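Chemist: give me a model of this one.
(chains A and B)
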2 protein chains.
Amino acid sequence: MSQPSGPELTSIRSPRVKAARQLGKRALRLRARSFLAEGPQAVGEALARGGVVTELFLTAAARSRHAGQAAQASRQGAAVHTVSGEVMAELAQTITPQGILAVCRFVDVPLSALTAAAPRLVVLLANVRDPGNAGTVLRTADAAGARGVVFSDASVDPYNSKCVRASAGSIFHVDLVQGGSVGEVVARLREAGLRVLAADGSSGQPLDQAEPRGVLSEPTAWLFGNEAWGLPADILALADETVAVPIYGQAESLNLAAAAAVCLYASAWAQRANEGGGCRTAPATR
Amino acid sequence: MSQPSGPELTSIRSPRVKAARQLGKRALRLRARSFLAEGPQAVGEALARGGVVTELFLTAAARSRHAGQAAQASRQGAAVHTVSGEVMAELAQTITPQGILAVCRFVDVPLSALTAAAPRLVVLLANVRDPGNAGTVLRTADAAGARGVVFSDASVDPYNSKCVRASAGSIFHVDLVQGGSVGEVVARLREAGLRVLAADGSSGQPLDQAEPRGVLSEPTAWLFGNEAWGLPADILALADETVAVPIYGQAESLNLAAAAAVCLYASAWAQRANEGGGCRTAPATR
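Modeler: Next up, the predicted model:
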């Protein structure tokens, strides 16, 4: 172990444990402007971002496995606590906790910070309600090179533990923006030079036809709607164009995360081809 | 209501209810060679396939909403039972049951039936363990026009209720093949003229480089591995080529369903472009 660890916290009634545990609830996350990140990968990404982790909880076993993370958290000014397995089980949202969990400051940025970065690829979620879906879209957006992901007002809380977990660390990579009505966000993204494309299974314009028209190679904000009902007409009307992922078999539709993956990579490739093809030959970086 | 409904089953101890309920367990599904499909969409797809539904359970409310499905099931020789809400809650695997649930015969076909169909796009799952992921891949494979999906021996049971639900009816659309070692399946798919491409994040060949080489336009079987650890070296060695979905941001990887969506649509488009582009201009069919 790389620094003094202090006494092990063994009581689930410890004030620090109780305070951290309350971050499982949205209202208390909002009050503390903090959320929980579980597992070595998410904690590692939070530490890599820096200035995010305020407290780190580890079991003794995890502390010996992740001594480097404990030291890094300590250097970043975080309080590092060794906890009993019982306390970890109480704090963790997963059935088989990995023994390491961080309290993190909210990482979202104002929409103006995202638009100021002149992004070429952005995701806007409208009424996306399932936290697992939202987290998977965060991860996919990051993988496809999107600069930011905007959760507009009726979407799920990005700091929900299922969303954080499904993002696999990507919540710490992208410019995360919260709140704002879809209409307002669309207007500001368009002012920032982005073409707003709404993914809509019933659109007459298939994705593979949009590409040769040059639609995908411009700076783009992809608008994705609710898992079950998609985007209502009033929101579709806000977009510059609607685009469908074509269905070649008998499936009625794709699920949200799969459709987002196809759309975002189509944009990523079209934009890279447009830039002269340099990045089309980039090696896989995983 | 379109046919006599018989007395409402109100006891969870009714032999028919008990028999159906046991299909929640894999061993008993295997014995009965039957599984459960829940909700109007899945039941509708089972009925559209025909010869699959052997029993249909509906609450009285669902029976008036889905009178057409009840009549269709009856015409197909299925026993149709009206059940109490309590019985439905006992049978259903979902928290908010939709009041309609079918006992379906297994729909898988032998690998020889799939290969005899001269498929151009096939999915092979190796050690995929999460039923939700597997079901999402079934749905995506169907959407992208894949003819079949093979669950090789160490993969999850495709008839698991979470898999059936995530497939959103696609389990009834594709040629589903179960069992067989990955090595044996790969050999037989190759004999059938398919090029076996393994999706592997660490491959040196990004998907967008495989396409201009013509790799994607040939008849293809995509091999996808476990959610957490991917494909081990001995299985990768069975493939004709390995291909990575490139990562442009900081994400470590994509999740299985997102990677599958990107790979399968890349193949679908490359194959259609190769056929003269006719299908590249196909309208969205959702």
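Chemist: which residues sit against the helix or strand harbouring A:R29?
Modeler: Element membership of A:R29, judged by DSSP states H and E, is helix A:26-32. Applying CB atoms under 8 Å, 6 or more residues apart in numbering or on different chains, the external contacts of helix A:26-32 come out as A:A19, A:Q22, A:L23, A:F35, A:D157, A:Y159, A:N160. (Glycine included, C-beta is placed from N, CA and C.)
Chemist: the helix or strand following that helix near chain B anywhere?
Modeler: Under the assignment DSSP H and E, the closest C-terminal helix or strand after helix A:26-32 is strand A:34-38. No. Strand A:34-38 lies out of reach of chain B by CB under 8 Å from any CB of the partner chain, never closer than 14.8 Å.
Chemist: can I see the domain layout of chain A?
Modeler: A:15-105, A:111-280 (automatic domain parsing).
Chemist: so how far is the shortest one from its chain's centroid?
Modeler: Centroid displacement of domain A:15-105 relative to its chain, using CA atoms, centre = their mean, to the nearest Å, is 18 Å.
Chemist: which parts of the stretch 51-200 of chain A sit against chain B?
Modeler: Counting by CB under 8 Å from any CB, the stretch 51-200 of chain A sits next to chain B at A:136, A:139-146, A:166, A:168-170, A:173-174.
Chemist: SS state for A:A239?
Modeler: Of the three states, A:A239 takes coil under DSSP: H, G, I helix; E, B strand; the rest coil.
Chemist: how about A:L124?
Modeler: Quick answer, by three-state DSSP: A:L124 is strand.
Chemist: burial of it, as a residue count?
Modeler: 29 (other CB atoms under 10 Å in any protein chain shown).
Chemist: my read: it touches A:V185, true?
Modeler: Yes. Contact criterion CB atoms under 8 Å: A:L124 and A:V185 qualify, at 5.9 Å.
Chemist: residues of stretch A:59-74 that come out buried?
Modeler: Using 16 or more other CB atoms under 10 Å in any protein chain shown as the test for burial, stretch A:59-74 gives A:T59, A:A62, A:R63, A:R65, A:H66, A:Q69, A:A70, A:Q72, A:A73, A:S74.
Chemist: most widely separated two among the residues you listed?
Modeler: Greatest spacing in the buried residues of stretch A:59-74, by CB to CB: A:T59 and A:Q72 (17.7 Å).
Chemist: residues in contact with the residue nearest to A:N255 when sequence neighbours are not counted?
Modeler: Distances taken as CB to CB, 6 or more residues apart in numbering or on different chains place B:T136 nearest to A:N255, at 5.7 Å, with adjacent residues excluded. By CB under 8 Å, 6+ apart, the contact list for B:T136 reads A:N255, A:A257, A:A258, B:A166, B:S167, B:A257, B:A260.
Chemist: in the stretch 151-286 of chain A, which residue sits closest to chain B?
Modeler: A:Y248 (3.1 Å; CB to the nearest CB).
Chemist: does that residue touch B:A268 like I think?
Modeler: Yes. If you go by CB under 8 Å, A:Y248 and B:A268 touch, sitting 5.7 Å apart.
Chemist: for the closest residue to chain B within the stretch 1-150 of chain A, what are its contacts?
Modeler: Using CB to the nearest CB, A:G145 is the residue of the stretch 1-150 of chain A that sits closest to chain B, at 3.1 Å. A:G145 makes contact with A:L121, A:A268, B:Y248, B:G249, according to CB under 8 Å, 6+ apart.
Chemist: and what of A:T115?
Modeler: A:R188, A:L189, A:E191, A:A192.
Chemist: hey, where'd the helices end up in the stretch 51-200 of chain A?
Modeler: Using DSSP state H, counting those that start in this stretch, the helices assigned to the stretch 51-200 of chain A run over residues A:60-65, A:67-75, A:85-91, A:111-116, A:131-143, A:161-167, A:182-191.
Chemist: pull the distance from the fourth one to the chain's centre.
Modeler: For helix A:111-116, the gap between its own C-alpha mean and the chain's C-alpha mean amounts to 17 Å (CA atoms, centre = their mean).
Chemist: restricted to strands, list the contacts of helix A:26-32.
Modeler: Cross-referencing those against strands under DSSP state E gives A:F35.
Chemist: any of the contacts of helix A:26-32 buried? List them.
Modeler: A:L23, A:F35, A:D157, A:Y159, A:N160.
Chemist: nearest to B:V52, of those?
Modeler: Looking across those and measuring by CB to CB, the closest to B:V52 is A:N160, at 37.6 Å.
Chemist: can you give me the neighbour number for the closest residue to the closest one other than its chain neighbours?
Modeler: Excluding its sequence neighbours, the residue lying closest to A:N160 (CB to CB, 6+ apart) is A:P131, at 4.1 Å. Here the number of neighbours of A:P131 (other CB under 10 Å) works out to 21.
Chemist: and the spatially closest residue to A:A117 that is not a sequence neighbour, what is it in contact with?
Modeler: With CB to CB, 6+ apart as the criterion, A:A117 has its nearest non-adjacent residue at 5.9 Å, and that residue is A:R147. Residues near A:R147 by CB under 8 Å, 6+ apart: A:L114, A:A117, A:P119, A:R120, A:L121, A:V122, A:V174, A:D175.
Chemist: and the last one, how far from A:L111?
Modeler: Per CB to CB, to the nearest Å, A:D175 is found 9 Å from A:L111.
Chemist: do the same with A:Y159
Modeler: 17 Å.
Chemist: before we move on, the earlier item: could you look up the SS state of the residue of the stretch 151-286 of chain A closest to chain B?
Modeler: coil.
Chemist: could you find the closest non-adjacent residue to it?
Modeler: B:G145 is the one closest to A:Y248 (CB to CB, 6+ apart), at 3.1 Å.
Chemist: what does A:V80 give?
Modeler: Closest to A:V80 by CB to CB, 6+ apart is A:L56, at 4.7 Å.
Chemist: dump the residue contacts of that neighbour.
Modeler: A:V43, A:Q69, A:A70, A:A73, A:A78, A:A79, A:V80, A:H81, A:I100, A:L101, A:A102, A:V103.
Chemist: so what angle separates the directions of the host helix or strand of A:A273 and helix B:131-143?
Modeler: For A:A273, the enclosing helix or strand under DSSP H and E is helix A:256-274. Here the directions of helix A:256-274 and helix B:131-143 differ by 60 degrees (axes from the mean of the first three to the mean of the last three CA atoms, to 10 degrees).
Chemist: is helix A:256-274 anywhere near chain B?
Modeler: Yes. Contact of helix A:256-274 with chain B (CB under 8 Å from any CB) involves A:A257, A:A258, A:A259, A:A260, A:A261, A:V262, A:Y265, A:A268, A:W269, A:R272.
Chemist: tell me the buried residues in stretch A:138-154?
Modeler: Quick answer for stretch A:138-154 (16+ other CB under 10 Å): A:138-152.
Chemist: okay, now the unreliable bits of chain A?
Modeler: A:1-5, A:276-286 (pLDDT under 70).
Chemist: 80 instead, please
Modeler: Residue ranges of chain A with pLDDT under 80: A:1-6, A:95-96, A:153, A:274-286.
Chemist: for the helix holding A:A273, which helices and strands make contact with it?
Modeler: strand A:121-125, helix A:131-143, strand A:195-199, helix A:207-210, strand A:220-224, helix B:131-143, helix B:256-274 (3 or more CB pairs under 8 Å, 6 or more residues apart in numbering or on different chains; DSSP states H and E).
Chemist: reformat those as CSV; add distance to A:S181.
Modeler: Below are those laid out as CSV (distance: least, CB to CB, whole Å):
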stretch, distance to A:S181
strand A:121-125, 11
helix A:131-143, 18
strand A:195-199, 14
helix A:207-210, 26
strand A:220-224, 13
helix B:131-143, 30
helix B:256-274, 28
